[in-house]
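1. turn this into a structure:
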Amino acid sequence: MSRRKPIVQVAVPAPIRKTFDYLFPVTTGSSAVPGARVRIPFGRRELVGVVVGQSDASEIDQKRLKTVVELIDQEAVLPENLMRLLQWVASYYHHPIGEVMQAALPVLLRRGHAATAVGEEKWALTAAGKEQDPSGLTRAPLQRRIIETLRAADAALGSHELVEVSKGWRTAIRQLEEKGWVASRHEDCLSTPLTRLLSAPEMTAAQAAAVTTVSKNLENFAAYLLYGITGSGKTEVYFQLVQQVLGAGKQALVLVPEIGLTPQLVDRFRQRFAVPIAVLHSGLSDSERLCAWVSARDGRAGIVLGTRSAVFSPFADLGLIVVDEEHDGSFKQQDGLRYHARDVAVMRASREDVPVILGSATPALETLRLAKEGKYSLLELPERAQSASLPDVKLLDMQHLKNNDGLSHPLVQAIRERIDRNEQSLLFLNRRGFSPVMMCYDCGWIAPCQRCDARMTLHKRSSRLRCHHCGAERPLPQVCPDCESENIHPIGEGTERVEQALEHLFPDARIMRIDRDTTRRKGELEEKLESVRQGEVDILVGTQMLAKGHDFPNITLVGILNADQGIYGADFRSPETMLQRIIQVSGRAGRADLHGEVLIQTWHPGHPVFKALKTHDYSSFAEQELQQRKAANYPPYCHFVLMRAEATAAGEALHFLQRAQAIGRAMAPETVELLSAVPSPMERRAGRYRAQLLVQSNERKALHGFLDQWLGAIEQEKQSKRVRWSLDVDPMDLY
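-> Alright, predicted model coming up:
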C-alpha cells in the first residue's frame, strides 16, 4: 500500500455498498470536511457525493484515482451527529451508504444547489393584471386560464397549482410577466406565528401525570409509550412538552403519518406556538422542501412537523422527538431505503440524548413488548378528554341479516335516524372502486390484470376496469371474453358502489365519497374534510384515508362494512393491523357533547378482534396476540429479514434466490435460519415475476453479522446483475 495525499472517501449515490477514494485538488485552498458535498466523476457521469472521511493513503494506485471536480460546500451540509445516524442506518438496513446520504438530502441539494433557503417562487396578478378582461385573450387561451385561476384563488400560486392548469404553464407565465400582468415573488416556507394564540385547556389527571413524568427527564434520552384511547388528548400532552422544550431554547421534531399531516393539524400547532413551524411532506415543491430543511438546520424553525423522511432533518439544537400514531404502517418505507422512521427516531433520540415519545391508541405489538419489558416507559391515558364517553359498539351478524349492496337493515335505519337528527354518519370499508371484481355468471370468468396475478376493479363512473396494483386500465367488456355471455356483473362492494346504493336509499341526503380516486388533486382531500366539518355532508363514505386523526365533531355513527376483510390474511400481522384500523376509524364517532355509536358488520362475530372492539379492550387482544407470536416464534420475539427479487422472465427471480439460499445456508451460524425461496403471493406484478426468501434469527447481532458476509458473497454472483433484488430488514409486509 503506497502513501497517497490528499485523499477523500466519498459516498456515491449508486447501489454499491462501499465508499470511493478520490484525490482532492490542493489548488482549491480548502479541505473537504466530512458531511460536505463534492462533485465527482463516476464512470461517464458526474455525480454529487458526500464526503465521509479523509486519509493520507489508499489501497488503490494514485494513478488510477480520479480527482474531485468541485467542492460544493465549505462546511458540512450534513452535521456530524446526522452523519453518524446515517452511517448507522446504512449498517442496520444493509443499504448502500451513498443512497442513504441521498435519502437524507432534499432533491435540490442532491443536484448540487446551494444549501440556502430561498423559499418557493410564486406568481400573482399585478394591479394591471387585475384590471384585464381575460375573455379578450382569445388567441392565448392558456394565458386566459392562468389569469382566471389566479383571480379565482385571490392568492399567489406556485408550480404545484399552476401545473394543474397546463404542463406548458411556464411559457404562458413568462409572457404574462412581460406584459406586466403577473409578477413573481419568493415566499418563506415557514408559517408566520399568529398574533393571538389559543390558551391551553385544563388537562385531565392522566394527561398531567404524563407531562410531569416526561418533564423530569427532558435533558436526557428516555423512550416513552403514550398509550391513550382515541380522543384521550395525546396531542395536548405533546403540546405541553413541546412548549417546555421551546422555552429552553431548543427545537422539537413531530412525526406524523403521511395521511395525517393535514392543514387542520398544522393550524392546531400554529394556534398554540409563537414560533416559526417548518412542515415537511411529499406534497412540497423542491424549493419548499429545501427551505424547510435549511430552516431546521439553522434553528429558524422551532418546530418541524413532518412525515417519515423528516426524521433525517438537521437541527441546530434538538430537544424532543414525538412520533404520533407510531403503529402506522406508513412510517415504514416500502422501496429503496426500507427504513422504519419510528425505529430511526428512537435511535436518533438515543444518540442525541433527548427524549422520544411514541403515541398511539393502538400501539404496535413491538412497541408494547418493549414497554412491558421496561425498555420504554409506559404512560397511559385511559379516558377521553373533555368528559366525552366512548362510543357504543354493536356487532351486526351478517349471517342472520339481509343486506342491500353491503348495507344491512339495522345500519340503514341508524343512518336514517342520524339524518333526521341533523347528525352525520361515516361508512368505512377497505375497498375503493365500484366493486372488487367483474364476474361472468355463466362460466365463472373474473376480469384479470394482464400484467399482474391480480383481479381488476370496476370503476363505474368511468366505465373502466383498473388494477390497483400496477395501475393498468381497460374498458369495461360488454360480453365475457371466454364464453361471450352477456351475463357479467360486479360482485362485492367498493366505495363507489356503496355511494351509489346510498344515493338510491337516501335521495335527498348529501353524500360524499373520499378515497384515492376522489382526492387526486392537491388540496382536494382537505377541501372535502372541511365540507364535512362545516356540516355540508350527511353521509361520508371512505377508505382508510378517514382513519387518521381527523376531528369531525358532528359524526355520531360509524359503520364498518367489510370488517372481516384482512383478518384472515396471509400476513401474521393481519389481525393486529385490521384491529388498529377499525379502532382508529371508530374513534371518529362521538366527541364531547354528542354520544357516538359504532356498528360493525361481520360474518365472524366471535373472532378475538371483534370481541376486543366491543369491549374497547385493545390491551387484552394485544396480550393474547403476543402470546401467540411467542409460541410461533414470530416478531417481536424473532427478527425477520426478507430478500425480494424480480425479473421479466418466469423463474429467473426464483432461481436467483435459490442460489442465494444455497450460499447463505453454507455460511449461516446455527442461530440464523434461511427458509426456502418461494414465489411471492402475487407472483407477477406489472409484468415482472417476483420471488422472496425469508431469513430469521432470535439473535440480532448474529443475524446482522451473517447478512454482511452473505450480501458480499451474493454480489460476486453474475446472476445478481441480471435481476432486481433488495433486502428488507424488519419487513412489515411479507409479500
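2. quick check: domain ranges of the chain?
-> Domain segmentation of the chain under the TED database yields 7-111, 120-187, 205-381, 392-433+494-631, 437-491, 639-729.
3. hey, which of the ones you listed is tucked in deepest?
-> Comparing the domains of the chain by mean neighbour count (mean count of other C-beta atoms under 10 Å), domain 205-381 ranks first with a mean of 20. The C-beta positions use only the backbone N, C-alpha and C, and glycine is treated the same way.
4. now distance to residue 195 too, for the domains of the chain, in a markdown table please.
-> Below are these laid out as a markdown table (distance: least, C-beta to C-beta, whole Å):
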| stretch | distance to residue 195 |
| --- | --- |
| domain 7-111 | 31 |
| domain 120-187 | 19 |
| domain 205-381 | 9 |
| domain 392-433+494-631 | 23 |
| domain 437-491 | 46 |
| domain 639-729 | 48 |
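5. turn the ones you listed into TSV, including mean pLDDT and distance to residue 199.
-> Formatted as TSV, these follow (pLDDT from 0 to 100; distance: least, C-beta to C-beta, whole Å):
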stretch	mean pLDDT	distance to residue 199
domain 7-111	93	36
domain 120-187	86	30
domain 205-381	94	9
domain 392-433+494-631	84	18
domain 437-491	79	46
domain 639-729	93	45
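6. among those domains, which comes closest to residue 197?
-> domain 205-381 (6.0 Å; C-beta to C-beta).
7. and the closest one, end to end?
-> 9 Å (C-alpha to C-alpha, to the nearest Å).
8. so what touches stretch 209-227?
-> 203, 234, 237, 240-241, 244-245, 248, 319-320, 326, 346, 349-350, 352-361, 363, 367-368, 370-371, 375-381 (C-beta atoms under 8 Å, 6 or more residues apart in numbering).
9. settle this for me: residue 160 is touching residue 282, isn't it.
-> No. Residue 160 lies out of contact with residue 282 (C-beta atoms under 8 Å); the separation is 11.5 Å.
10. right, and the domains of the chain - which one's nearest residue 194?
-> Closest among the domains of the chain, using C-beta to C-beta: domain 205-381, at 5.7 Å.
11. max-length strand in this protein?
-> In the chain, with assignment by DSSP state E, the single longest strand is strand 45-57.
12. strands paired with it, and their directions?
-> strand 3-11 (antiparallel), strand 37-42 (antiparallel) (DSSP bridges).
13. among those strands, which is nearest residue 614?
-> strand 3-11 (52.8 Å).
14. the helix or strand where residue 121 lies: how far from the chain's middle?
-> Residue 121 belongs to strand 120-125 when assigned by DSSP states H and E. Relative to its chain's centre, strand 120-125 lies at 29 Å (C-alpha atoms, centre = their mean, to the nearest Å).
15. tell me which other helices or strands it touches.
-> With contacts taken as 3 or more C-beta pairs under 8 Å, 6 or more residues apart in numbering; DSSP states H and E, strand 120-125 sits against helix 141-153, helix 159-162, strand 182-187, helix 286-298.
16. out of the ones you listed, which is closest to residue 69?
-> Per C-beta to C-beta, nearest to residue 69 of these: helix 286-298, 22.2 Å.
17. contacts for that closest one next, please.
-> 79, 106-109, 113, 115-121, 158, 188-190, 251, 276, 278-280, 284, 301, 304, 306, 313-316.
18. counting only strands, which of those make the cut?
-> Per DSSP E, the subset of these in strands is 120, 121, 251, 278, 279, 280, 304, 306.
19. convert the next helix or strand after the strand holding residue 121 to PDB, retaining C-alpha atoms only.
-> As assigned by DSSP H and E, the chain's next helix or strand after strand 120-125 is helix 127-131. C-alpha atoms of helix 127-131 as PDB (Å, rounded to 0.1, in the frame of the first residue of the first chain):
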ATOM      1  CA  ALA A 127     -52.700  45.700 -10.300                       C
ATOM      2  CA  ALA A 128     -52.700  45.900 -14.100                       C
ATOM      3  CA  GLY A 129     -53.400  42.200 -14.400                       C
ATOM      4  CA  LYS A 130     -56.400  42.500 -12.100                       C
ATOM      5  CA  GLU A 131     -57.900  45.100 -14.500                       C
END
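20. what's helix 127-131 packed up against?
-> By 3+ C-beta pairs under 8 Å, 6+ apart, helix 127-131 packs against helix 141-153.
21. list the helices and strands the helix it packs on packs on?
-> strand 120-125, helix 127-131, helix 159-162, helix 169-179, strand 182-187.
22. looking at these, which is closest to residue 706?
-> helix 159-162 (45.5 Å).
23. name the helices or strands packed onto the closest one?
-> strand 120-125, helix 141-153, helix 169-179.
24. nearest to residue 257, of those?
-> strand 120-125 (24.3 Å).
25. can you pull out the residues in contact with that closest one?
-> 147, 150-151, 155-159, 162, 173, 177, 181-187, 189, 285, 287-288, 291.
26. export it as PDB, just CAs?
-> The C-alpha coordinates for strand 120-125 follow below in PDB (Å, rounded to 0.1, in the frame of the first residue of the first chain):
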ATOM      1  CA  GLU A 120     -40.800  28.900  -3.300                       C
ATOM      2  CA  GLU A 121     -41.300  31.100  -6.300                       C
ATOM      3  CA  LYS A 122     -45.000  32.000  -6.600                       C
ATOM      4  CA  TRP A 123     -46.900  34.200  -9.100                       C
ATOM      5  CA  ALA A 124     -49.800  36.700  -8.500                       C
ATOM      6  CA  LEU A 125     -51.700  39.200 -10.600                       C
END
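27. just the CA trace of stretch 161-178, in PDB.
-> Extracted C-alpha coordinates of stretch 161-178, given in PDB (Å, rounded to 0.1, in the frame of the first residue of the first chain):
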ATOM      1  CA  GLU A 161     -51.000  24.700  -8.600                       C
ATOM      2  CA  LEU A 162     -50.100  26.100 -12.000                       C
ATOM      3  CA  VAL A 163     -49.100  22.700 -13.500                       C
ATOM      4  CA  GLU A 164     -52.700  21.600 -12.900                       C
ATOM      5  CA  VAL A 165     -53.800  24.400 -15.400                       C
ATOM      6  CA  SER A 166     -51.400  23.100 -18.000                       C
ATOM      7  CA  LYS A 167     -48.000  21.400 -18.300                       C
ATOM      8  CA  GLY A 168     -46.900  24.300 -20.500                       C
ATOM      9  CA  TRP A 169     -47.700  27.000 -17.900                       C
ATOM     10  CA  ARG A 170     -44.200  28.400 -17.600                       C
ATOM     11  CA  THR A 171     -44.200  29.800 -21.200                       C
ATOM     12  CA  ALA A 172     -47.600  31.500 -20.600                       C
ATOM     13  CA  ILE A 173     -46.400  32.900 -17.200                       C
ATOM     14  CA  ARG A 174     -43.300  34.400 -18.800                       C
ATOM     15  CA  GLN A 175     -45.500  36.000 -21.500                       C
ATOM     16  CA  LEU A 176     -47.800  37.400 -18.800                       C
ATOM     17  CA  GLU A 177     -44.800  38.700 -16.900                       C
ATOM     18  CA  GLU A 178     -43.600  40.500 -20.000                       C
END
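28. tell me which strands the helix or strand residue 727 falls within pairs with, and in which orientation.
-> Assessed by DSSP H and E, residue 727 sits inside strand 724-729. For strand 724-729, the pairing partners within the sheet under DSSP bridges are strand 639-647 (antiparallel).
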